[in-house]
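Visitor: requesting a structural model of the entry that follows:
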Amino acid sequence: MASTQPVDEEIIQAQDRFKNQLASITAQIHSRAINLELDAWLNQNMGPDTSIYRELKEACEQGVSKGWLCNREGGGIRYGRIFKPSEELHGFSVDVVLMENIAGPHHTHPNGEIDLIMPIDDEAEFDSRPAGWLVCPPGSAHKPTVTKGRALVLYLLPNGAIEFTQQ
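Guide: Numbering: from 1, shown residues only. Alright, predicted model coming up:
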């Protein structure tokens, strides 16, 4: 009879690698203002043409295929909070969603939100933005929307703060 232990260990190792990848990013951004300058900096230094972006996208795609990312579903959106805010992640929580031609629930970002847009379908966009980073400043709000296909979106939320509205 085959043991499921190796699979569990594989998942734990994959999650640890993913957390370490994210910690290297949050270490560079946690003391920066969450604004348009950060948006530009992230896209210049960790945008779609970089190994950092490619490695994160690959980790997310593997996490979804192995079932440890986006392991919940509601309203046609697969989602999940993979990491709560922690010292290791410099106070950020990490959520990943998989969306296809859909708008998610309206919400506000009390402390801001940093999104990594990873199209699965090449032309897919998140809030009218292609592959790359989108920084939403503190107090901003939106109805997150993916158009032109499927995309994974990774959310970094300072202190895990997000407020869903009735809009």
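Visitor: what comes into contact with stretch 160-167?
Guide: By Cβ atoms under 8 Å, 6 or more residues apart in numbering, the residues outside stretch 160-167 that reach it are 81, 84-85, 92-93, 105-111, 113, 141, 143. C-beta coordinates here come from the backbone N, C-alpha and C atoms, glycine included.
Visitor: quick one: buried residues of it?
Guide: 160, 162 (16 or more other Cβ atoms under 10 Å).
Visitor: ends of it, how far apart?
Guide: 21 Å (Cα to Cα, to the nearest Å).
Visitor: and the average pLDDT for it is what?
Guide: The average pLDDT within stretch 160-167 is 90.
Visitor: ok, now stretch 38-55?
Guide: Mean per-residue pLDDT for stretch 38-55: 98.
Visitor: also stretch 83-101?
Guide: 98.
Visitor: using CSV, write out the CA atom coordinates for it.
Guide: The C-alpha trace of stretch 83-101 is given here as CSV (Å, rounded to 0.1, in the frame of the first residue of the first chain):
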residue,chain,number,x,y,z
PHE,A,83,0.1,32.8,4.4
LYS,A,84,-1.2,34.9,7.2
PRO,A,85,0.8,38.1,8.1
SER,A,86,4.0,37.1,9.7
GLU,A,87,7.4,38.4,10.7
GLU,A,88,9.0,36.2,8.0
LEU,A,89,6.9,38.0,5.4
HIS,A,90,7.5,41.4,7.0
GLY,A,91,3.8,41.8,8.1
PHE,A,92,2.3,40.8,4.7
SER,A,93,-0.4,38.2,4.1
VAL,A,94,-0.4,36.3,0.8
ASP,A,95,-3.5,35.4,-1.1
VAL,A,96,-3.6,33.9,-4.6
VAL,A,97,-6.7,33.8,-6.9
LEU,A,98,-7.4,32.2,-10.3
MET,A,99,-9.9,34.2,-12.3
GLU,A,100,-11.3,33.9,-15.8
ASN,A,101,-13.3,36.8,-17.4
